[in-house]
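Enquirer: below: sequence and its predicted model.
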Amino acid sequence: MASTAPQTAATMPTEWRDFFTLTKPRVMTLVIFTAICGVLAAPGSIHPVIGFTAILAIAMGAGGSAVLNQWWEADIDAGMKRTMNRPLPGGRMRREDARDFGIFLSGVSIVLMGLAVGWLAAALLLGAIIYYAVIYTMWLKPRTPQNIVIGGGAGAFPPLIGWVAVTGEITAMPILLFAIIFFWTPPHFWALALFVQSDYAKVGIPMLPVVAGEKATRNQIMLYTLVLAPIAIAPWAIGGTSWIYGSVAVVLSALFVVLAMPVFTRMRAEVDAMTPEKTLFKFSIVYLFVLFAALVADRVAAYQGWIA
Amino acid sequence: MTPEEEKEFLRRRKARNLVVAGTLLFFVILFYAITMVRIGGQG
């Protein structure tokens, strides 16, 4: 897969912006946000410089693995409308440059995390990068229709690593934060996959709607939404947060289930705007941002002594 | 390489060099700050 990329960019130096684009800056905003939430919600204190460095290392690690992902998938990206103008399929960069940049960025992020913050956080970051770039991108994504579930694991690392950067240990709370993003990803992404179905079918990625059909995808969206709800509420249930997070988690999870219901029960009509699927996809983004913001607000209020 | 291409080549190279220099400077400052925090025993 990694051998037949366009090689038209050989003569001109690649624009620095293309290197930056390769790190998927838009995805990184969510990574940075959830990592900051992990740092802020964790009990204990961290020096602002060290906290900043931890977030930077997580962002660089996410960027590095995103680069390696695009290095490996340049051929697949070339076949999809959404991705065909990325720097590699667009022919604006040599493939080896992308590979080297990805390895360099990942390596620096791990060393930076280890030296400045701690080696447990660095080991988790290394695990996250290998998980996304190797286990997900190279191994399982092209092989299983549950690829999104596995990919969700990669996105779930940032708050866990952020939390561990502060506490230096893995406890129930950071694992729950991991689990929330892990189980949130399938309904989020499959809702998207339902309305961009044709693109994935074209490049032969075994996306669930392509191989198992639309009904199976709708069932799975409902299933993961139902599993997500108790996990999102669990931090409150185990006493890790107060009613502030608890009430937000209950309301948001109930809304998620309500919005997933029409996606679950209906089937695509001949001419279909796919409104319930698009609504669910958009809501899922709001869901994660608000849930994590509520977690931070809850913990800050508790540490400041504003609530019991 | 035509004059236009050479001009573009130099522009891209200069832009990249500036970004690399800026990044290096940032990391010099960051590592200085990390060292100070670590020596201060607050990290």
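Expert: Received the coordinates, thanks. Keep in mind that what you see is a predicted model, and the values were worked out from it rather than measured.
Enquirer: pLDDT below threshold where in chain A?
Expert: Counting by pLDDT under 70, the ranges of chain A that qualify are A:1-10, A:197-198, A:308.
Enquirer: all helices of the chain, in order?
Expert: Since no chain was named, I'll use chain A. Under the criterion DSSP state H, chain A contains helices at A:16-22, A:25-41, A:48-72, A:74-78, A:95-116, A:119-130, A:147-155, A:157-167, A:172-195, A:197-203, A:208-211, A:214-237, A:243-265, A:275-303.
Enquirer: I was after chain B.
Expert: Under the criterion DSSP H, chain B contains helices at B:3-39.
Enquirer: how about the residues of it near chain A?
Expert: Applying Cβ under 8 Å from any Cβ of the partner chain, we find that chain B lies next to chain A at B:1, B:5, B:8-9, B:12-13, B:15-16, B:19, B:30, B:33-34, B:36-38, B:42-43. Quick note: C-beta positions are derived from backbone N, CA and C, even for glycine.
Enquirer: any quick PyMOL command for the buried ones out of these?
Expert: A single PyMOL command selects the buried members of the residues of chain B next to chain A (16 or more other Cβ atoms under 10 Å in any protein chain shown):
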select buried, chain B and resi 16+30+33+34+37+43
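Enquirer: contacts only, for the closest residue to chain B within the stretch 201-308 of chain A.
Expert: Here the stretch 201-308 of chain A gets closest to chain B at one residue, A:Tyr303, 17.8 Å apart by Cβ to the nearest Cβ. If you count contacts by Cβ atoms under 8 Å, 6 or more residues apart in numbering or on different chains, A:Tyr303 has them with A:Pro43.
Enquirer: okay, A:Gly61 and A:Ile221: tell me how far apart.
Expert: Plainly put, A:Gly61 is 29 Å away from A:Ile221 if you go by Cβ to Cβ, to the nearest Å.
Enquirer: should've said A:Ala254
Expert: 16 Å.
Enquirer: more neighbours: which of these two?
Expert: Between A:Ala254 and A:Ile221, A:Ile221 has the larger neighbour count (other Cβ atoms under 10 Å in any protein chain shown), namely 25 against 12.
Enquirer: please name the nearest non-neighbouring residue to that one.
Expert: The shortest distance from A:Ile221 to any residue other than its chain neighbours is 4.6 Å, reached at A:Pro187 (Cβ to Cβ, 6 or more residues apart in numbering or on different chains).
Enquirer: the one you found and A:Leu259 touch, don't they?
Expert: No. At 9.5 Å, A:Pro187 and A:Leu259 do not qualify as touching, with contact defined as Cβ atoms under 8 Å.
Enquirer: who's in contact with the residue nearest the centre of chain A?
Expert: Nearest residue to the geometric centre of chain A (Cα atoms, centre = their mean): A:Gly155, 2.8 Å. Shown in contact with A:Gly155 (Cβ under 8 Å, 6+ apart): A:30-31, A:181, A:185.
Enquirer: which of the residues you listed lies closest to chain B?
Expert: A:Val31 (19.2 Å).
Enquirer: residues contacting the closest one?
Expert: By Cβ under 8 Å, 6+ apart, the contact list for A:Val31 reads A:58-59, A:62, A:155, A:158.
Enquirer: show me which of those is closest to chain B.
Expert: Closest approach between the contacts of A:Val31 and chain B, by Cβ to the nearest Cβ: A:Ala59, at 13.1 Å.
Enquirer: can you count the residues close to that closest one?
Expert: As a burial measure, A:Ala59 scores 20 neighbours (other Cβ under 10 Å).
Enquirer: so what's it up against?
Expert: A:Ala59 neighbours (Cβ under 8 Å, 6+ apart): A:28, A:31-32, A:35, A:109.
Enquirer: list just the nearest of those residues to chain B.
Expert: Lowest distance from chain B to the contacts of A:Ala59 (Cβ to the nearest Cβ) belongs to A:Ser109, with 12.0 Å.
Enquirer: my read: the closest one touches A:Gly64, true?
Expert: Yes. Counting by Cβ under 8 Å, a contact exists between A:Ser109 and A:Gly64, whose distance comes to 5.9 Å.
Enquirer: between those two, which contacts overlap?
Expert: Contact criterion Cβ under 8 Å, 6+ apart; residues shared by A:Ser109 and A:Gly64: A:Ile129.
Enquirer: the contacts of A:Gly155: which two are farthest apart?
Expert: Spanning the widest gap among those are A:Val31 and A:Thr185, at 12.9 Å by Cβ to Cβ.
Enquirer: residues contacting the closest residue to B:Val19 other than its chain neighbours?
Expert: In this structure, B:Val19 finds its nearest non-sequential neighbour in A:Trp16, 4.4 Å apart by Cβ to Cβ, 6+ apart. Shown in contact with A:Trp16 (Cβ under 8 Å, 6+ apart): B:15-16, B:19.
Enquirer: got CSV for those, with pLDDT too?
Expert: Listed next are the contacts of A:Trp16 as CSV, based on pLDDT from 0 to 100:
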residue, pLDDT
B:Ala15, 96
B:Arg16, 95
B:Val19, 97
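Enquirer: ok, so of those, who is nearest A:Tyr131?
Expert: A:Tyr131 lies nearest to B:Val19 out of those, by Cβ to Cβ, at 29.2 Å.
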